[in-house]
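Visitor: 3D model of this:
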Amino acid sequence: MYLILTAALLISIFSAILDASSTLSNEKKNMYESLKQAQININKHTQMIEDYLTLTHADSELQGRIKELNKHPSTMLLTKINETLFSVDLFKKNLDSMQIFAYEPDSFLPAFSSTSRYNNALFSAGSVSSFEWFQNTLKANGKTYWFVDTKTFPKPTLCAARILYDINNTTRQLGVIKANVTIEKLIRHLGSISFGDKGYALIEADGLLLHPYTEVPVIITESLPDHKEHLANSHLVVEFPIITEGWHVAGVISSFELYKNTLQNLLPITLVFAFALLLAALLSRKSSRKISLPVHSLCQQMQKMEPASGHGVHNCIEVNQLYDTYNGMLVKNEELIKSREETLLKFKQAEMAALQSQMNPHFIYNTLESISALIATKDNEHAALMITGLGKFLRSSLNNGNNYITLEKEIEQVSSYVEIQKLRYANQIELRLNLPSPLPDYRIIKLILQPLVENSIVHGFKDLDYLGLITITVKETNEQLYLSVADNGWGSDIEMLNYLVRRRTLYKEDNVNFYCIQNVYQRLENCYGEHADLTYEENDDGGVTAVIRIDKSVL
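Guide: Sure, this is the predicted structure:
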């Protein structure tokens, strides 16, 4: 009896340890999912602001009025320009104000000041030329410069500024355009996140900590911006990048609070286990061996999965019935196993086709969006080249309806795709192929490399100010084929990528960030099972390398 109680106590302690580990894993998973959704919402919000900057920049009527103001300054024309900028519907929910600081009519335009910032939207560029944000916007060379303004407005304000170019002469600068939104509208995306009583969701921007709470512990406010390693010793910290370089959305939870409930529950868990095992021991002693021995024999037969004979069990009618039922069950089980294997094969084939069909619309949408942008800027020559490249890519990817393609054809498809993207990104992308000669004559799943290349371009090269280099390497050993896609971009959280790529269920709201790599991994898993894998590694230069491994025995 003492042995049973000791075992119950050890099991309770072990259960508490498992509970603590499970709590940490579940909380980290919850933080990842909640912060990922907040990251998506914040980036959507700021993308709307960037879109309105683009729309305002491309408004030919507005630019015409600004140029006319240069030639014939008038109060009436200035009023019309202000009314145009103030009439943007986005102000109602996403923006607080939009301003243009124009160059040439400096002597006529009003100077920007604390008293005039609400009455006008068009100001003299000379009145803000010495401001740090204005100089940083000019250094951005046409890219959006994001910053937090804590001086100009009554409340901290998120600002996005960009050079206003003449749409008819892109070498000419008309001034700077700036959109403003209060930080309260940005941090409202954190309001629905809950990590318990001692957990906090915050935004780190320009060295500031923004949060929807009235009080945050001093240890977090002092350690999160500058000493995150020290904070990680006593807290669980998860971060996702947002908006621009150096900005993050972060979740912080005290480690003590995570494990406190587990420690409090250790004693009742120990008592419950001890009582249950003691009760089971008492009841087992009263059980009849007339029943237990035949049932034990039946269990042994079931473990062997062989028909059980009825010898020696006729002294119990219930056990005889159990034997008969078991023997009939074996026959039905064999039929069910065969039916299940056939159904599973059909399901995997259908799932493979569904995953494959998702890739083409995804690529076609992005390419048509690029063609539309070229046509809008009257770059018809590049638009025509992109349409030709799209046609070539689609003819190759259709492959007469087959899901498999030669390795050589797959490389050709990726090359066609990169040629299309080079037109979209003004030749800021280069593709290098590191291939053996001759190239192995294997047939693989089609469109398996293009999504990885697309991720490098869209995410690895976002806002990159130097040439983006993609290297595709093909090599093989005696037993395996390796396909790798490496880039020299900004890099990413490798642990997070490897965690999310293996999620069986795709995020509907994660299409922008994780749709492609999860699609690739699921198609590899459906087709090759454990004989294939997709992993992410960090390059020596800080970029990301995606590595596909396939056993040659299944090719």
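
Visitor: how about the helices in the stretch 351-500 of the chain?
Guide: 380-398, 407-424, 450-455, 494-501 (DSSP state H, counting those that start in this stretch).

Visitor: which of those helices sits most buried?
Guide: Mean neighbours per residue, mean count of other CB atoms under 10 Å, is largest over the helices of the stretch 351-500 of the chain for helix 450-455, with a mean of 23. For every residue, glycine as well, the C-beta is placed using N, CA and C.

Visitor: lowest average confidence, helix or strand, in this protein?
Guide: Ranked by mean pLDDT, DSSP states H and E, the weakest helix or strand in the chain is helix 289-304, scoring a mean of 61.

Visitor: sketch out the low-pLDDT regions of the stretch 351-500 of the chain for me.
Guide: 351-363, 392-401 (pLDDT under 70).

Visitor: ok so, going back, could you point out which of the helices of the stretch 351-500 of the chain sits nearest residue 50?
Guide: helix 407-424 (16.9 Å; CB to CB).

Visitor: what number of residues lie near residue 154?
Guide: 7 (other CB atoms under 10 Å).

Visitor: typo on my end, residue 327
Guide: 15.

Visitor: which helix or strand contains it?
Guide: Residue 327 belongs to helix 317-376 when assigned by DSSP states H and E.

Visitor: can you check residue 109 too?
Guide: Using DSSP H and E, no helix or strand contains residue 109.

Visitor: ok, now which ones touch the nearest residue to residue 68 once chain neighbours are set aside?
Guide: Distances taken as CB to CB, 6 or more residues apart in numbering place residue 77 nearest to residue 68, at 6.2 Å, with adjacent residues excluded. Counting by CB atoms under 8 Å, 6 or more residues apart in numbering, residue 77 makes contact with 65, 68-69.

Visitor: just the buried members of those residues?
Guide: The neighbour count (16 or more other CB atoms under 10 Å) marks 65, 69 as buried among the contacts of residue 77.

Visitor: and which of the contacts of residue 77 is nearest residue 386?
Guide: Checking those one by one against residue 386 (CB to CB), the nearest turns out to be residue 65, at 33.1 Å.

Visitor: please, which helix or strand holds that closest one?
Guide: helix 60-71.

Visitor: report the strands that pair with the strand ranked longest in the chain, each with its relative direction.
Guide: If you go by DSSP state E, the chain has its longest strand at strand 169-182. Note on strand 169-182: by DSSP bridges, its sheet partners are strand 97-102 (antiparallel), strand 157-166 (antiparallel).

Visitor: so which residues make contact with the longest one?
Guide: So the one you mean is strand 157-166. By CB under 8 Å, 6+ apart, strand 157-166 touches 46, 49-50, 53, 57, 63, 67, 96, 100, 102, 133-134, 137-138, 140-150, 172-183, 185-186, 205.

Visitor: show me the shaky parts of the stretch 1-150 of the chain.
Guide: 1-10, 12-17, 19-21, 23-24, 88-94, 105-106, 114-119.

Visitor: 80 instead, please
Guide: Low-confidence segments of the stretch 1-150 of the chain (pLDDT under 80): 1-28, 31, 70, 84-96, 104-107, 113-120.

Visitor: where along it do the helices fall?
Guide: Secondary structure of the stretch 1-150 of the chain (DSSP H, counting those that start in this stretch): helices at 2-57, 60-71, 75-86, 132-139.

Visitor: I'd like the ones you listed as a markdown table, with distance to residue 268 appended.
Guide: Putting the helices of the stretch 1-150 of the chain into a markdown table (distance: least, CB to CB, whole Å) gives the following:
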| stretch | distance to residue 268 |
| --- | --- |
| helix 2-57 | 9 |
| helix 60-71 | 70 |
| helix 75-86 | 64 |
| helix 132-139 | 59 |
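
Visitor: what's the closest of those helices to residue 167?
Guide: Proximity to residue 167 (CB to CB) singles out helix 60-71 among the helices of the stretch 1-150 of the chain, at 6.1 Å.

Visitor: just want the angle from the closest one to strand 157-166.
Guide: 80 degrees (axes from the mean of the first three to the mean of the last three CA atoms, to 10 degrees).

Visitor: which strands and helices sit next to helix 60-71?
Guide: Helix 60-71 makes packing contacts with helix 75-86, strand 97-102, strand 169-182 when contacts are defined by 3 or more CB pairs under 8 Å, 6 or more residues apart in numbering; DSSP states H and E.

Visitor: most tightly packed of the ones you listed?
Guide: Of the helices and strands packed on helix 60-71, strand 97-102 is the most buried (mean count of other CB under 10 Å), at a mean of 23.

Visitor: which residues sit against it?
Guide: With contact meaning CB under 8 Å, 6+ apart, strand 97-102 is reached by 52, 56, 66, 69, 81, 85, 88, 91, 109, 112, 117-118, 120-125, 127-128, 134, 164, 174-180.

Visitor: go with 6 Å
Guide: 66, 85, 121-123, 125, 128, 175-180 (CB atoms under 6 Å, 6 or more residues apart in numbering).

Visitor: tell me which two in those are the farthest apart.
Guide: Top of the distance list for these (CB to CB): 66 and 180, 19.5 Å.

Visitor: just give the closest residue to residue 516, not the sequence neighbours.
Guide: Leaving out its chain neighbours, the residue that sits closest to residue 516 by CB to CB, 6+ apart is residue 451, at 3.5 Å.

Visitor: for residue 383, see how far away that neighbour is.
Guide: The gap separating residue 451 from residue 383 is 24 Å, by CB to CB, to the nearest Å.

Visitor: ok, residue 256 next?
Guide: Counting by CB to CB - residue 256 and residue 383 are separated by 60 Å.

Visitor: kindly report the same for residue 48.
Guide: Applying CB to CB to residue 48 and residue 383 gives a distance of 26 Å.

Visitor: what of residue 525?
Guide: From residue 525 to residue 383 the distance is 38 Å (CB to CB).

Visitor: how many residues are close by residue 120?
Guide: Around residue 120 there are 20 residues (other CB under 10 Å).

Visitor: what do you get for the one 5 residues further on?
Guide: The burial metric for residue 125, expressed as a neighbour count using other CB under 10 Å, is 21.

Visitor: for residue 383, give me its contacts.
Guide: 371, 374-375.

Visitor: name the residues that touch stretch 41-61?
Guide: 90, 94, 144, 160, 162, 164, 177, 179, 189, 242-243.

Visitor: oh, that last question was meant for stretch 481-501, not what I typed.
Guide: 452-453, 456, 460-461, 469-475, 514, 517-518, 521, 536, 538-539, 541-550, 552.

Visitor: sorry, back to before: select, out of the helices of the stretch 1-150 of the chain, the one closest to residue 235.
Guide: When the helices of the stretch 1-150 of the chain are compared (using CB to CB), the closest one is helix 2-57, at 11.4 Å.

Visitor: how near is the closest residue to residue 123 other than its chain neighbours to residue 101?
Guide: Spatially, and ignoring its direct neighbours in sequence, residue 123 is nearest to residue 112 (4.3 Å; CB to CB, 6+ apart). Using CB to CB, residue 112 is found at 7 Å from residue 101.

Visitor: what touches both of the two?
Guide: 123, 128.

Visitor: picking up where we left off before, so which bits of the helix holding residue 65 are buried?
Guide: Result for helix 60-71 [16+ other CB under 10 Å]: buried residues 62-63, 65-67, 69.

Visitor: over to stretch 429-446?
Guide: In terms of neighbour count (16+ other CB under 10 Å), stretch 429-446 has its buried residues at 429, 431, 442, 444-446.

Visitor: contacting residues around that stretch?
Guide: 399, 404-408, 418, 421-422, 467-474, 523, 527, 555.

Visitor: understood, closing this out.
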